[in-house]
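For reference, the sequence and a predicted model appear below.
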There are 2 protein chains.
Amino acid sequence: MKLISETKAFDGRQQRFEHQSTTLDCTMRFSVFLPSQAENKAQRFPVLYWLSGLTCTDENFSQKAGAQRMAAELGIALVIPDTSPRGDEVADDEGYDLGQGAGFYLNATQLPWKQHYRMYDYIVDELPALVEAELPVTNRRAISGHSMGGHGALVIGLRNPERYSSISAFSPICNPISCPWGEKAFGAYLGAERQTWEEYDATVLLSRTTERQPILISQGENDEFLEQQLKPNALETAAEAAEYPLKVEHHAGYDHSYYFIATFIEQHLRFHADFLLKP
Amino acid sequence: MKLISETKAFDGRQQRFEHQSTTLDCTMRFSVFLPSQAENKAQRFPVLYWLSGLTCTDENFSQKAGAQRMAAELGIALVIPDTSPRGDEVADDEGYDLGQGAGFYLNATQLPWKQHYRMYDYIVDELPALVEAELPVTNRRAISGHSMGGHGALVIGLRNPERYSSISAFSPICNPISCPWGEKAFGAYLGAERQTWEEYDATVLLSRTTERQPILISQGENDEFLEQQLKPNALETAAEAAEYPLKVEHHAGYDHSYYFIATFIEQHLRFHADFLLKP
C-alpha cells in the first residue's frame, strides 16, 4: 500500500493510496480522510465506507461532498474506494453503466468479467483488512453510498450485519433486478439466471432478513432517475410488509447531484456517529 | 441573461447563467448561489463575489469549496464569474497561465488581447449591474478569491473601496509585478512599460491607499507556490510600513488546493457577514 498524495484538510489528512488488489487482480486506488489526532496519542477512528456511483472514482466524493468537516468534528475516518477494477488489462464496455466505473459491488460469474469484477469481496473483506492493518482506524464500520453506491451500501450492509453498525444511502438503486441499469449490469456480470441476481438486490434482501439494522435513506424528489432506475417505493413496500423500521426521507426539489449529497451529508454522518461512537 | 441550469442545495438555489457580455465582447457563463427565501417575501441578499484561480471556470468553487452551507445559513448570495473571456473567437495561448482561463482580472491594452480581455471592468461594473438588476440581491458587496482570483479580489477591492464592504483572499498572488506568473501575464496583456502594471498590484496599491478596508488573507505554509509566486510577505511588509491593519493568517501544513479553501471558507464567510449584514 503506497501513499500517492496527502493534503491537509480540516486539521486532518486527505490521503490517496494505491495497492495491488489480490481480489480484483489489478492495481487499485482509494481515498481516505483521517481526522487530526490528539498529540502524542495513538488515536484510532471508526470508519465510514463510502461507495460512489456510476462513472465515479474515489475522488468525486472526496472533492464534492464536503464530508470532511463533519467527519473531523465527529472523529470518524472516511474510506472511499473506486467503483470498479481498473486498468488496460481489465475488461471494459463502451457504456458508462457497464465495465470500468460501473462494478455494481458484486462478484461477477460471467466472462469476460469474472477475473477482475469482484467488488463485493473487495469492499467486504480485502479493503477493510488492509485499512485496519495499515491505518489508525478501528474495526467499527458503517457504510454509505450514492446511486449505484447506495445499492452497494444497502446490499453489503444487509448481508453483513455483524460487520456494519449502520447503513445509509443517497438516491440508491433500490431494486436493481427490475430497473434498466440493474438488468443490463446483472445480466452481463451474473448471467441470464435471474434468481442469482437476488442476492444483490436490496429490496429482496430486506424482505428476507430477520436482522434489524439502522438504515437511513435520503432521496430527492426531483431526481431524474427516480421512477425508472431508483425505485425507493419498492424498498419501502418491502420494509412495510416485513415491519422493518426503515427510514426513507424524501426531499422536495433535490436532484441526483453531489449538491444533494453535500446538503445532507452532515445528517448522515451524525446518524452513523450515533452507532459508530457508542461505547 | 439565460438560466442554463438550476440545482437545489442547502434549501437554496445553485444556478448557472449565460449572457452576452458587452465589456468582454463574447458569451460568458457565471454561477450563483441564492439562499432560500422566506415564503411570500421578496427577500434580497448581499453578495460575495468569488474570483477563481488559473485554469478554473465558475464551476470549481461551486463544486469544491462547500461554501453554500454557510452562505445559506448567513443569508449571503454567492456570484462566481469565469476567469477570462471565452470562445473560439477569443485570443488564447498554449500556456495554462495566459489567455483563456487566465484573465488576471485586468483590462488588457495590447494586441491580440485588448478586444476581449477586460475582466477588470467586467467584474467591477458589468456583472454587478446585471446581477443586481436580474436577481434578488442588494448592492451590498464583498469580494474574495483564490490565487490569481485572490490577486483579483485584492486589486478590485482596494481600487473600489466604495463598492466592497470587505475583502478576503486565499493564497493570493500578492505582488504580481515581481513574480513569474505576473510578469508573463502583465507583459503580454499590458506591454513592456512596467509602470502601467502597478495599478494591478495589490502590494503597490495597499502601500498607496489612504483607505482602511477590512482585509483577511489565508495562506497555507505548505503551498507549492508560496515563495516564487504568491509572496504574502511583500504585502505584509507594505501593510506594516503603511500601518494598514491587514490580517494575514498562515496555516501550517496546508497547500494550494480547494481542500484548504473548504477548510477556511466558513471563517471567510463569517468575516464578510460582519460587514455585509451590518444594519
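Nice, I can see it. Numbering: from 1, shown residues only, chains lettered A, B, ... in the order given.

for chain A, what spans make up the helices?
Ranges of helices in chain A, per DSSP state H, are A:59-64, A:68-74, A:119-121, A:127-134, A:148-159, A:180-190, A:202-208, A:232-241, A:258-276.

ok, and the closest non-adjacent residue to A:E6?
In this structure, A:E6 finds its nearest non-sequential neighbour in A:Q15, 4.9 Å apart by C-beta to C-beta, 6 or more residues apart in numbering or on different chains. Bear in mind the C-beta positions are built from the backbone N, C-alpha and C, glycine included.

Same check on A:H268?
A:S168 (4.8 Å).

ok, what's across the strand from the one you found?
A:L216 (DSSP bridges).

list the contacts for it?
A:142-144, A:153, A:215-218, A:268, A:271-272 (C-beta atoms under 8 Å, 6 or more residues apart in numbering or on different chains).

that older thread, right, so of the helices of chain A, which gets closest to B:Y254?
Closest to B:Y254 of the helices of chain A, according to C-beta to C-beta: helix A:68-74, at 12.9 Å.

So which bits of that closest one are buried?
By neighbour count on 16 or more other C-beta atoms under 10 Å in any protein chain shown, the buried set for helix A:68-74 is A:68-72, A:74.

Only alpha carbons, please: show that helix as PDB.
Presented in PDB, the C-alpha positions along helix A:68-74 are these (Å, rounded to 0.1, in the frame of the first residue of the first chain):
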ATOM      1  CA  GLN A  68     -14.500  16.000   5.900                       C
ATOM      2  CA  ARG A  69     -15.700  18.900   8.000                       C
ATOM      3  CA  MET A  70     -18.200  16.800  10.000                       C
ATOM      4  CA  ALA A  71     -16.000  13.700   9.900                       C
ATOM      5  CA  ALA A  72     -13.300  15.800  11.500                       C
ATOM      6  CA  GLU A  73     -15.600  17.100  14.100                       C
ATOM      7  CA  LEU A  74     -17.100  13.700  15.000                       C
END
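
Please compute how far that helix lies from its chain's middle.
19 Å (C-alpha atoms, centre = their mean, to the nearest Å).

before we move on, what about stretch A:202-222?
Taking C-alpha atoms, centre = their mean, one finds stretch A:202-222 lying 14 Å from the centre of the chain it belongs to.

mind checking how far A:L54 is from B:G103?
35 Å (C-beta to C-beta, to the nearest Å).

which of these two has more neighbours?
B:G103 (33 against 23; other C-beta atoms under 10 Å in any protein chain shown).

That one reaches B:P85, doesn't it?
Yes: with contact defined as C-beta atoms under 8 Å, B:G103 and B:P85 form a contacting pair (6.7 Å).

Mutual contacts of the two, please.
B:117, B:119.

Report the beta-bridge partners for the residue nearest the centre of chain A.
With distances taken as C-alpha atoms, centre = their mean, A:L51 lies nearest the centre of chain A, 2.4 Å away. A:L51 has these beta-bridge partners by DSSP bridges: A:G145.

Surely it and A:S147 touch.
No: assessed by C-beta under 8 Å, A:L51 is found out of contact with A:S147, at 9.3 Å.

quick one: the closest residue to chain B within the stretch 101-250 of chain A and A:H250, what's the gap?
Residue of the stretch 101-250 of chain A nearest chain B, by C-beta to the nearest C-beta: A:N222 (7.1 Å). Distance, A:N222 to A:H250, using C-beta to C-beta: 11 Å.

near chain B, which residues of the stretch 151-279 of chain A?
Counting by C-beta under 8 Å from any C-beta of the partner chain, the positions of the stretch 151-279 of chain A adjacent to chain B are A:220, A:222, A:253-255, A:257-260, A:262-263.

what's the closest of the residues you listed to B:F33?
Closest to B:F33, out of all of those and judged by C-beta to C-beta, is A:Y259, at 9.6 Å.

The closest one - nearest residue in space that isn't next to it in sequence?
Per C-beta to C-beta, 6+ apart, closest to A:Y259 is B:A9, 3.9 Å.

The one you found is in contact with B:F33, isn't it?
Yes: here B:A9 reaches B:F33: they are 7.0 Å apart, a contact under C-beta under 8 Å.

Alright, I will stop here.
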